[in-house]
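Trainee: starting from these lines, generate the structure:
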Amino acid sequence: MLPELPPEEDRPGVPIAPPLLFVLPILASLALEWFVPTSFVHGEFRWILGAVIVVAGIALNIGGFVTQKRAGTDPIPFNPTTRIVAHGVYRFSRNPMYLGFALCTFGLAILVDSAWMLLAVPIGLVFVDLIVIMREERYLKRKFGEEYLNYKGRVRRWL
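Mentor: Numbers count the residues shown, from 1 in each chain. Alright, predicted model coming up:
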């Protein structure tokens, strides 16, 4: 049994809500789009493809959130985690909700036909990796030790 962390240390120390790490690049891309318009997808295909990708992203977010809640842990990264969730969408990705945010951003870029917004996807992923995931992984290793390292060895970060 692992020793319990003191309450002040039983948090990953995430400084910003992860969705904002995608929203901020989206807003910047919209400003760029205003000054330097771009276009990369046309026709009805744009609406179908964009909508399908956004819905897939929302489904990953809901699936990840619900899976964690049902497992009895808090999906909000500011709060303590009570267990490693390794079932449901977490069998395929250690970060399905962040992947969902990236898919929503990608689908939105297609829907609004903005090449600038396509850049928001890798920028958001890099921000989430550096600002959130690194802290979460250190916290999970500290709190769960071998259990987390085994999970990390079995399941990829993204897909």
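Trainee: low pLDDT regions in the chain?
Mentor: 1-3 (pLDDT under 70).
Trainee: report the longest helix in it, please.
Mentor: Looking across the chain with DSSP state H, the single longest helix is helix 44-70.
Trainee: what's the following helix or strand after that one?
Mentor: On the C-terminal side of helix 44-70, the nearest following helix or strand under DSSP states H and E is helix 96-111.
Trainee: tell me which residues in the next helix-or-strand element following that following helix are buried?
Mentor: Later in the chain than helix 96-111, the nearest helix or strand by DSSP H and E is helix 115-127. Neighbour-count burial for helix 115-127 flags 115, 116, 117, 118, 119, 120, 121, 123, 124, 125, 127 (criterion: 16 or more other C-beta atoms under 10 Å). C-beta here means a position set from N, CA and C on the backbone, and glycine is covered the same way.
Trainee: export helix 115-127 to CSV, keeping only CA atoms.
Mentor: Output in CSV follows, covering the C-alpha atoms of helix 115-127 (Å, rounded to 0.1, in the frame of the first residue of the first chain):
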residue,chain,number,x,y,z
ALA,A,115,-6.1,27.1,-42.1
TRP,A,116,-5.0,29.3,-39.2
MET,A,117,-7.2,27.3,-36.9
LEU,A,118,-5.5,24.1,-38.0
LEU,A,119,-2.4,25.4,-36.2
ALA,A,120,-4.4,25.7,-33.0
VAL,A,121,-4.5,21.8,-32.9
PRO,A,122,-0.8,21.2,-32.5
ILE,A,123,-0.3,24.3,-30.4
GLY,A,124,-3.1,23.2,-28.0
LEU,A,125,-1.6,19.7,-27.8
VAL,A,126,1.9,21.1,-27.0
PHE,A,127,0.5,23.4,-24.4
